[in-house]
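S.K.: below is the sequence, then the predicted model.
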Amino acid sequence: MTRSYRDEAIVLQTHKLGEADRIITLLTREHGQVRAVAKGVRKTTSRFGAHLEPFGVVDVLLHKGRSLDIVTQVSTIAAHGRALAVDYELFTNASVMVESAQRLTADSQDGAHAQYLLLMGALHALAHRRHDPTLTLNSYLLRALAIAGWAPSCFDCASCGAEGPHSAFSIPEGGAVCDICRPAGAAAPSPDAMKLLGDLLSGDWAGADAAEGYARGEVAQLVTAYTQWHLERRLRSLQLLERTRFA
């Protein structure tokens, strides 16, 4: 039985190991999340160093190890890191994406293929500024949570199913809630914000791009809170992004 395998992957995170190596966390197309050692990658003579930067999409050959796999070959498919690293807004948004993907794929391969495709598309859109970076991030987070089974209801009542639209949004209940089901502490987003939530979740970019600034701000706060609720602990990158937004 061969112990080597080839896959496409997105570089989520890197950590120093010893004097010259790095541990690379990858989200692969077919094998879910993989942690591997890239030996000698921090040496100036390394053939791998330029390819294994966060946010990059790579073709990688890996050898299975006991606890960590080993990178034996790698080539770049899309070097998004270069475009994202020079723009702080893009960098912080991309950091939230990859940390969220890492959290969502850490314990299971269920949905990992879909998470890979979604993240690959989102990083490409972000690096090329296809849309407002905050809209791209919020759409990514909503759709990544949907893949994980936590899609918010943006129209019908998440509690009783009553037909919407509704004027309240409850994170614990799972989204829009009617007046009867509305719990204490539910948010009261504007109708435009609720529409934008639905557009971002469904990928209706014509509607999302036309949204007013106040609706975008409301949605950013809702999506941040909704993401933190379901991931159960705060994302370090999201805390950094929030400080940047309100600086």
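M.R.: Received it, and whenever you're ready, just let me know what you need. Fair warning: this is a prediction, and the values are worked out from it, not measured in the lab. Numbers count the residues shown, from 1 in each chain.
S.K.: hey, let's count contacts and neighbours off CA atoms from now on
M.R.: Will do.
S.K.: quick one: the helices in the protein, in order.
M.R.: 80-85, 88-104, 112-127, 133-147, 191-202, 205-209, 213-231, 236-245 (DSSP state H).
S.K.: for the ones you listed, which one sits closest to Lys64?
M.R.: helix 112-127 (19.0 Å; Cα to Cα).
S.K.: other residues contacting that closest one?
M.R.: 9-10, 27-33, 55, 57, 80, 83-84, 90, 94, 97-98, 101, 105, 131, 133, 136-137, 140, 143-144, 147 (Cα atoms under 8 Å, 6 or more residues apart in numbering).
S.K.: pull out the buried members of those.
M.R.: 9-10, 27-29, 31-33, 55, 57, 80, 84, 90, 94, 97-98, 101, 105, 133, 136-137, 140, 143-144, 147 (16 or more other Cα atoms under 10 Å).
S.K.: picking up where we left off before, present the helices of the chain as a markdown table; the columns should include mean pLDDT and distance to Val74.
M.R.: Listed next are the helices of the chain as a markdown table, based on pLDDT from 0 to 100; distance: least, Cα to Cα, whole Å:
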| stretch | mean pLDDT | distance to Val74 |
| --- | --- | --- |
| helix 80-85 | 89 | 16 |
| helix 88-104 | 94 | 20 |
| helix 112-127 | 97 | 17 |
| helix 133-147 | 97 | 27 |
| helix 191-202 | 97 | 34 |
| helix 205-209 | 97 | 34 |
| helix 213-231 | 94 | 31 |
| helix 236-245 | 75 | 27 |
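S.K.: adding distance to Tyr5, write the ones you listed out as TSV.
M.R.: TSV is the format used below for these (distance: least, Cα to Cα, whole Å):
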stretch	distance to Tyr5
helix 80-85	24
helix 88-104	21
helix 112-127	16
helix 133-147	26
helix 191-202	34
helix 205-209	37
helix 213-231	31
helix 236-245	31
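S.K.: count the residues that sit near Val223.
M.R.: By other Cα atoms under 10 Å, 19 other residues sit near Val223.
S.K.: whoops, I mixed them up, Asp156
M.R.: Neighbours around Asp156, by other Cα under 10 Å: 17.
S.K.: Thr28 versus that one, what's the distance?
M.R.: Distance, Asp156 to Thr28, using Cα to Cα, to the nearest Å: 35 Å.
S.K.: do Asp69 as well
M.R.: From Asp69 to Thr28 the distance is 13 Å (Cα to Cα).
S.K.: what do the two both touch?
M.R.: Common contacts of Asp69 and Thr28, defined by Cα under 8 Å, 6+ apart, comprise Val34.
S.K.: list the contacts of the closest residue to Gln102 other than its chain neighbours.
M.R.: Nearest non-adjacent residue to Gln102, counting by Cα to Cα, 6 or more residues apart in numbering: Leu12, 6.8 Å away. The neighbourhood of Leu12, defined by Cα under 8 Å, 6+ apart, consists of Ile24, Thr25, Leu26, Leu27, Pro54, Phe55, Val98, Glu99, Ala101, Gln102.
S.K.: wait, the fourth one touches Gln13, no?
M.R.: What it means is Leu27. No - counting by Cα atoms under 8 Å, Leu27 stays clear of Gln13, with 9.7 Å between them.
S.K.: Arg47 contacts Ala38, correct?
M.R.: No - assessed by Cα under 8 Å, Arg47 is found out of contact with Ala38, at 10.4 Å.
S.K.: geometric centre of this structure: which residue is closest?
M.R.: Most central in the chain under Cα atoms, centre = their mean is Met97, positioned 2.9 Å from the mean C-alpha point.
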